[in-house]
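Enquirer: Generate a structure from the sequence data that follows.
(one chain, ligands or ions: 3)
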Amino acid sequence: MSLQKIYELIDSKKQSYIERLHKAVSIPSVSADASLRPKVVEMADFIVSEFEKLGAKMEKRDIGSHVMNGVEVPLPPIVLGQYGNDPAKKTVLIYNHYDVQPAKKSDGWDSEPFELVVDEKDRMLGRGVTDDKGPLMGWIANLEAYKEAGVDFPVNLLMCFEGMEEYGSEGLDDLIVAEANRYFKKADCVCISDTYWLGTRKPVLTYGLRGVSYFNVTVEGPSADLHSGVFGGTVHEPMTDLIAVMASLVKPDGTILVPGIVDEVAPLTKDEDKLYDNIDYSMDDLKQAVGGEINVYDSPKDTLQHRWRYPTLSLHGIQGAFSESGAKTVIPAKVTGKFSIRTVPNMTAEHINKCVKEHVEKVFASLNSKNRVSVECLHSGSWWISSPFHWHYTIGAKAVKTVYGVEPDLVREGGSIPITLTFETALNKNVLLLSMGRGDDGAHSINEKLDVENYVNGIKLFATYVDELSKSELK
Ligand SMILES: C[C@H](N)C(=O)N[C@@H](Cc1c[nH]cn1)C(=O)O
Ligand SMILES: [Zn+2]
Ligand SMILES: [Zn+2]
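Expert: Ligands and ions are numbered 1, 2, ... in the order given. Coordinates of the predicted model:
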């Protein structure tokens, strides 16, 4: 009965939830841009103030600084929080991130990325709406809904929000390990909402993530950019060398060409293969999500296996290269290629680093260039895999069934949340990934969106999840 009251209240407060997300989106908390670091801190302050208004005890933990492009920059704080401390109640630790990927209107957005708009299809557009400000605002709305409905919040909440997830979660590991038996001691389980449904129709529970190792490969030679008419063909050009190195990493069909990378990949067993048989996903879902018929594999099974359980290597960009419109005839003096490898069980960061370094140096040597090359791993985070048959997933599935009327699909995610494994191992507690947005939300892309329906139902899902957790025997 009280859940029904909360659902009605959530429905009636929809507009105010959209307004709160609007405010959050208007703070460009881009962790990868050092000049926007004050905005990341402003976002932390916004979260603290919203939770404090509801009576939560919040604090900001300073975790020092890091070096970005040769400059020392303060890291944004980790926001910790506590709501309720009743020994008779269960305690869940929630994690979200308040930083976002970079975005510029000129990337191809139809609207200003840092101004939330609701379109005619009732979709909210703006950077971070689905990744991960919508889910974070969803938790605030959940607390608020219980309070306004006059219903006692059924569990104790511990909170951990970071502002560096999109940049390798720097500094968070140490804090979690240090606080595992202090701030986080009472946690019975961990809930992370930073993933998406597989498609657009069916809710999911996510029990696996890939890891990520992100690399810079830099080629430099001349002391300054050169005129290509004067020097072209008479000097070794860094960009030509870099393109040769980048092209040696991966085939157009996605096959990784770095020797040794796949050596540690766990073989696919028959039982694991069967898990892919009944998942609600079609080639059309892929086409819709990417906006074109550009599939490498012809079956959903192969597509999902290459998203979830095989490594992939993607090329992201070249820093220092001419990239404006027009026709500048320059030979760039120093260029840095960026690529990442998504990792899976049982790959290790050490082995990947070694393989990449050896390969790049070998390919570069074969070019007989007089330029210099260097390789750097910017960050690496581990893959994570759990059991979807744990009691925590059972209550998550019950909550999904209550809100959506269907059993969730049990899925893995091709993306990475580097801190998940740290939570699981340091706290020795189960982690559940509870998704709010849909597979076509366009996280990290232009026109990132979150359907208002998913936002509202996501808030109801959080409300139902804490209710189910309060009734659970934790086994
Ligand atoms: C799945 C999650 N919402 C996400 O987007 N994670 C990022 C993490 C990351 C790592 N390096 C940079 N960002 C991702 O998977 O790309
Ligand atoms: Zn995210
Ligand atoms: Zn992200």
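
Enquirer: Write out the residues of this structure neighbouring ligand 2.
Expert: Among all residues of the chain, those adjacent to ligand 2 (criterion: CB under 5 Å from the ion) are D131, D132, D194. Where you see a C-beta, it was placed from the backbone N, CA and C, and this is true even at glycine.

Enquirer: check the residues you listed against ligand 1, which are close?
Expert: Among the residues of the chain next to ligand 2, the residues lying close to ligand 1 (CB under 6 Å from any ligand atom) are D131, D132, D194.

Enquirer: Tabulate the residues of the chain next to ligand 2 (TSV), appending neighbour count and pLDDT.
Expert: Compiled in TSV, the residues of the chain next to ligand 2 are given as follows (neighbours: other CB atoms under 10 Å; pLDDT from 0 to 100):
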residue	neighbour count	pLDDT
D131	28	98
D132	28	98
D194	26	98
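
Enquirer: ok, these vs W308, which is closest?
Expert: The closest of these to W308 turns out to be D194 (CB to CB; 16.3 Å).

Enquirer: Show the contacting residues for that closest one.
Expert: The contact partners of D194, taken as CB atoms under 8 Å, 6 or more residues apart in numbering, are Y95, N96, H97, D131, D132, P135, E165, I417, L433.

Enquirer: Secondary structure element for it, which one?
Expert: Counting by DSSP states H and E, there is no helix or strand that carries D194.

Enquirer: try R412
Expert: With DSSP H and E as the criterion, the answer for R412 is strand 409-413.

Enquirer: Tell me the helices and strands packed up against the next helix or strand after that strand.
Expert: On the C-terminal side of strand 409-413, the closest following helix or strand by DSSP H and E is helix 420-427. Contacting helix 420-427 under the criterion 3 or more CB pairs under 8 Å, 6 or more residues apart in numbering; DSSP states H and E are the following elements: strand 91-97, helix 172-179, strand 189-192, strand 384-385, strand 431-434.

Enquirer: what about the one residue in the stretch 151-300 of the chain that gets nearest to ligand 2, distance to A399?
Expert: Distance from ligand 2 to each residue of the stretch 151-300 of the chain (CB to the ion) is smallest for D194, at 4.1 Å. Using CB to CB, to the nearest Å, one gets 17 Å for the distance from D194 to A399.

Enquirer: now T130
Expert: T130 sits 19 Å away from A399 when distances are taken as CB to CB.

Enquirer: Which one's more surrounded, these two?
Expert: Here T130 and A399 are set side by side on neighbour count (other CB atoms under 10 Å), and the busier one is T130, at 29 against 24.

Enquirer: for that one, what are its contacts?
Expert: Each residue near T130 by CB under 8 Å, 6+ apart is listed here: Y196, M436, G437, R438, D441, G442, A443, E448, K449, L450.

Enquirer: Scan the residues you listed and report the most crowded one.
Expert: Using other CB under 10 Å as the contact criterion, the top neighbour count among the contacts of T130 goes to L450, which has 31 neighbours.

Enquirer: Show me how the protein divides into domains.
Expert: Using automatic domain parsing, the domain ranges for the chain come out as 2-209+383-471, 211-266+309-381.

Enquirer: Name the stretch among those that sits most buried.
Expert: Here the criterion is mean neighbour count by mean count of other CB atoms under 10 Å, and of the domains of the chain the winner is domain 2-209+383-471, at a mean of 20.

Enquirer: and the gap between the residue of the stretch 151-300 of the chain closest to ligand 2 and E166?
Expert: 11 Å.

Enquirer: related to what we said a few turns ago, the contacts of T130 in strands, which ones?
Expert: Of the positions in the contacts of T130, K449, L450 sit in strands, assigned by DSSP state E.

Enquirer: Same list, the contacts of T130, but only the ones touching ligand 1.
Expert: The overlap between the contacts of T130 and the neighbourhood of ligand 1 (criterion: CB under 6 Å from any ligand atom) consists of A443.

Enquirer: of the contacts of T130, closest to ligand 1?
Expert: Using CB to the nearest ligand atom, A443 is the member of the contacts of T130 that lies nearest ligand 1, at 5.7 Å.

Enquirer: Relative to Y183, how far out is the nearest residue to the closest one once chain neighbours are set aside?
Expert: Here the nearest residue to A443 in space, its sequence neighbours aside, is D131; by CB to CB, 6 or more residues apart in numbering that works out to 3.8 Å. Applying CB to CB, the value for D131 to Y183 is 26 Å.

Enquirer: Identify the residues contacting the strand holding R412?
Expert: Applying CB under 8 Å, 6+ apart, the set of residues contacting strand 409-413 from outside is 195-196, 198, 202-210, 275, 279-280, 307-309, 385, 388, 393, 433.

Enquirer: so of these, which ones are in strands?
Expert: V204, L205, T206, Y207, G208, L209, I385, L433.

Enquirer: what pLDDT does the fourth one get?
Expert: Going back to what we said before, that points to Y207. Per-residue pLDDT puts Y207 at 97.

Enquirer: That one: what's it in contact with?
Expert: Y207 sits in contact with I385, S386, S387, P388, Y393, L410, V411, R412, L433, where contact means CB under 8 Å, 6+ apart.
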